[in-house]
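Asker: Prediction below, plus the sequence it came from.
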Amino acid sequence: MTDEWRGWQEAAETALYGDEGFYRRPEGPAGHFRTSVHASPLFAAAVARLLVATAADLGTPDVDLVDLGAGRGELVTGVLAALPAEGGADLTVRAYAVEVAARPEGLDPRVEWCAKPPRGVRGLLFANEWLDNVPLPVAETDAGGTDRYVEVRTPDGAERLGGPVAGADAAWLRRWWPSAGPGSRAEIGRPRDEAWADAVSAVSAGLAVAVDYTHVRGERPPYGTLTGFRAGREVRPVPDGSCDLTAHVALDACAAAAGPDAELRTQREALADLGVSGGRPPLSLASTDPAAYLRALASAGEAAELTARGGLGDFGWLSHTVSPSGARSTPFGD
């Protein structure tokens, strides 16, 4: 760690992914925050159905599954466990978990642990809450109307304004996040656009999906979204390795960067198409089969959390279809 002033991208890169970074801690991300994967096994089951649909679209029983930003392998493990019940019993799945941390003990031996996505993926690449942890520069508009990089000090998170934003970063701001005036802030999403475009390029045939907190042009928050999380609580973002550092993702910009055949929808819409509904079971079931009613009620509660307005249901699902023939496929349905 250092007392020198650095841009947020460099400081967050070290704090999250350095040798002693947050994402290398033994407890893993689940020790500090809860994602859809941890909220309910219904999420992994929905991804399993998406993998089955992708394999059918490709016309093959041999399919790749890439869990990008895998944490400790919770999603890929859940998908493999759910496949037999979701129509994937006959699939041969090559499963990959992509993460900077070391392979966790006890992980399913079918899962290959790797630091980067394999190339030539034929199947489903799924990035759940990965892009929000791709470090990026932060800008603030000064009193004279000039966009300047925000610099941060590692030990205490103190900030100051640095030099003017220029080059590709300035072009990105003009296109995707124009200033709201002096004192307003923006997170420059260019590194995330590049990271997502690279991830999509790893897929030779199939589907790439990114799921994350999101906002779109015209509705950007005027003071940005950069924040920290530690032990389940939101905290002030300090790049000392003690907390997660996250910012919402401009998925519309990521979509444009990764090319055609992109679809952006809410998690609520995507999960509905994949059979996840928060509807309550009929009361008649309580008298005919009380145990089944309680199971269905619990499942409905979990589904409601995954699809809630103002919560997980508002997450964005960005999907890119990659077809060798160039034809557009629709694994989510019409």
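Answerer: Structure received. Residues are numbered from 1 along each chain as shown.

Asker: Any regions of the chain where pLDDT drops low?
Answerer: Under the criterion pLDDT under 70, the flagged ranges of the chain are 1-3, 27-34, 278-287, 289-301, 325-334.

Asker: for it, longest strand please?
Answerer: strand 203-212 (DSSP state E).

Asker: which parts of that one are buried?
Answerer: V203, A205, G206, L207, A208, V209, A210, V211, D212 (16 or more other CB atoms under 10 Å). The C-beta positions use only the backbone N, C-alpha and C, and glycine is treated the same way.

Asker: same thing with stretch 189-203?
Answerer: Neighbour-count burial for stretch 189-203 [16+ other CB under 10 Å]: 189-193, 195-197, 199-203.

Asker: what's the closest of these to P26?
Answerer: Among the buried residues of stretch 189-203, A195 lies closest to P26 (CB to CB), at 25.6 Å.

Asker: Secondary structure element holding that closest one?
Answerer: helix 190-201 (DSSP states H and E).

Asker: returning to what we had before: tabulate the buried residues of stretch 189-203 (JSON lines), appending distance to D273.
Answerer: Listed next are these as JSON lines, based on distance: CB to CB, whole Å:
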{"residue": "G189", "distance to D273": "27"}
{"residue": "R190", "distance to D273": "31"}
{"residue": "P191", "distance to D273": "31"}
{"residue": "R192", "distance to D273": "25"}
{"residue": "D193", "distance to D273": "26"}
{"residue": "A195", "distance to D273": "26"}
{"residue": "W196", "distance to D273": "22"}
{"residue": "A197", "distance to D273": "25"}
{"residue": "A199", "distance to D273": "22"}
{"residue": "V200", "distance to D273": "21"}
{"residue": "S201", "distance to D273": "26"}
{"residue": "A202", "distance to D273": "25"}
{"residue": "V203", "distance to D273": "20"}
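
Asker: So E74 sits against A39, correct?
Answerer: No. With contact defined as CB atoms under 8 Å, E74 does not reach A39; the gap is 11.0 Å.

Asker: Please identify which of these two sits among more neighbours.
Answerer: Neighbour totals were compared for E74 and A39, and E74 leads with 22 against 15 (other CB atoms under 10 Å).

Asker: how about the residue nearest to A168 when sequence neighbours are not counted, what does it touch?
Answerer: Excluding the flanking residues, the one nearest A168 by CB to CB, 6 or more residues apart in numbering is R190, at 6.0 Å. Counting by CB atoms under 8 Å, 6 or more residues apart in numbering, R190 touches L136, P137, A168, D169, W172.

Asker: Quick one: residues contacting the first one.
Answerer: In other words, L136. Counting by CB under 8 Å, 6+ apart, L136 has contacts W8, Q9, A12, E187, I188, G189, R190, P191, R192, A247.

Asker: again, but for G21
Answerer: G21 touches T14, A15, V100, G241, counting by CB under 8 Å, 6+ apart.

Asker: following the helix or strand harbouring the second one, which helix or strand shows up next?
Answerer: Counting by DSSP H and E, the secondary-structure element that holds A15 is helix 8-17. Beyond helix 8-17 in the direction of the C-terminus, DSSP H and E gives the next helix or strand as helix 36-39.

Asker: what's stretch 234-245 in contact with?
Answerer: Against stretch 234-245 from outside (CB under 8 Å, 6+ apart): 1, 8, 11-12, 14-16, 18, 20-22, 29, 32-33, 133, 135, 152, 154-157, 226-230.

Asker: Buried residues, it. List them.
Answerer: Buried, per 16+ other CB under 10 Å, within stretch 234-245: P237, V238, P239, D240, G241, C243, D244, L245.

Asker: now swap in stretch 103-115 and tell me
Answerer: Result for stretch 103-115 [16+ other CB under 10 Å]: buried residues P104, L107, V111, W113.

Asker: go on, stretch 41-54?
Answerer: Using 16+ other CB under 10 Å as the test for burial, stretch 41-54 gives 42-54.

Asker: Look up the closest residue to the residue most central in space within the chain, ignoring the ones flanking it.
Answerer: Centroid-nearest residue in the chain: E129, 2.3 Å away (criterion: CA atoms, centre = their mean). The shortest distance from E129 to any non-neighbouring residue, by CB to CB, 6+ apart, is to T35 (5.1 Å).

Asker: I'd say that neighbour and D132 touch.
Answerer: No. If you go by CB under 8 Å, T35 and D132 don't touch, sitting 10.3 Å apart.

Asker: can you map out the strands along the stretch 1-150 of the chain?
Answerer: Remark: strands assigned in the stretch 1-150 of the chain by DSSP state E, counting those that start in this stretch are 5-7, 62-68, 92-98, 111-114, 121-128, 138-141, 147-153.

Asker: Distance to E86 added to the ones you listed, as a markdown table?
Answerer: Shown next, in a markdown table, are the strands of the stretch 1-150 of the chain (distance: least, CB to CB, whole Å):
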| stretch | distance to E86 |
| --- | --- |
| strand 5-7 | 44 |
| strand 62-68 | 13 |
| strand 92-98 | 12 |
| strand 111-114 | 18 |
| strand 121-128 | 13 |
| strand 138-141 | 41 |
| strand 147-153 | 44 |
